[in-house]
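Chemist: Predicted model and sequence below, questions to follow.
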Amino acid sequence: MAVQAVKWRTGGCHCGAVRFEVAAPDEIELIDCNCSICSKTGYLHLIVPKANFRLLKGQDKLTAYTFNTGAAKHLFCSVCGIKSFYVPRSHPDGYSVNFRCLDAADFASIITTEFDGKYWEANAGSLAPLEGEP
């Protein structure tokens, strides 16, 4: 598969206290996970390497939540409560951006793949690695 050019797209939480940019190609694949936290929040994952993510403002407004193994670092805006991105357990050297928190994203193609996160350990191997990961 050919490497696609990426462009920077902006996003943020509901109140605007947290703003970020993410570099992503025009054709993306989202992950719709059914684990307890993703299903309750309606999170749609766009997972990117750390180099493709920039926090523009709001570091001081972020609050962290961890559970189970503590590997995932769920980051919420302390003002409005929205989790617009976090460090996922599956890709600790990247970020998962909530696609629904991007500003009027204009993508040529969006594919959504279901992931059975209720049984994370049994299914984690099916997640695609980030570019550059073994």
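Modeler: Perfect, thanks for sending it.

Chemist: how close does the spatially most central residue of the chain get to Glu121?
Modeler: When the chain is reduced to its mean C-alpha position, the closest residue under C-alpha atoms, centre = their mean turns out to be Ser96, at 1.8 Å. From Ser96 across to Glu121, the span is 18 Å (C-beta to C-beta, to the nearest Å). For glycine as for every other residue, the C-beta is placed from the backbone atoms N, C-alpha and C.

Chemist: Could you do Gln59 as well?
Modeler: Separation of Gln59 from Glu121 (C-beta to C-beta) stands at 32 Å.

Chemist: could you pull out the helices for this structure?
Modeler: Under the criterion DSSP state H, the chain contains helices at 36-41, 120-123.

Chemist: Cys77 contacts Arg19, correct?
Modeler: No. Judged on C-beta atoms under 8 Å, Cys77 makes no contact with Arg19 at a distance of 10.2 Å.

Chemist: pLDDT score assigned to Arg19?
Modeler: What the model reports for Arg19 is a pLDDT of 98.

Chemist: Could you pull out the strands in this protein for me?
Modeler: Residue ranges of the strands in the chain, as given by DSSP state E, are 6-12, 19-25, 27-33, 45-49, 53-57, 62-65, 73-77, 85-87, 94-98, 109-115.

Chemist: Pipe these into CSV and attach distance to Ala128 per row.
Modeler: As requested, the strands of the chain are exported to CSV (distance: least, C-beta to C-beta, whole Å):
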stretch, distance to Ala128
strand 6-12, 16
strand 19-25, 14
strand 27-33, 8
strand 45-49, 8
strand 53-57, 17
strand 62-65, 25
strand 73-77, 21
strand 85-87, 17
strand 94-98, 11
strand 109-115, 9
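
Chemist: where among these is the average confidence lowest?
Modeler: If you rank the strands of the chain by mean pLDDT, strand 109-115 sits at the bottom with a mean of 83.

Chemist: other SSEs contacting that strand?
Modeler: strand 27-33 (3 or more C-beta pairs under 8 Å, 6 or more residues apart in numbering; DSSP states H and E).

Chemist: Packed most tightly, which of the helices of the chain would that be?
Modeler: Comparing the helices of the chain by mean neighbour count (mean count of other C-beta atoms under 10 Å), helix 36-41 ranks first with a mean of 14.
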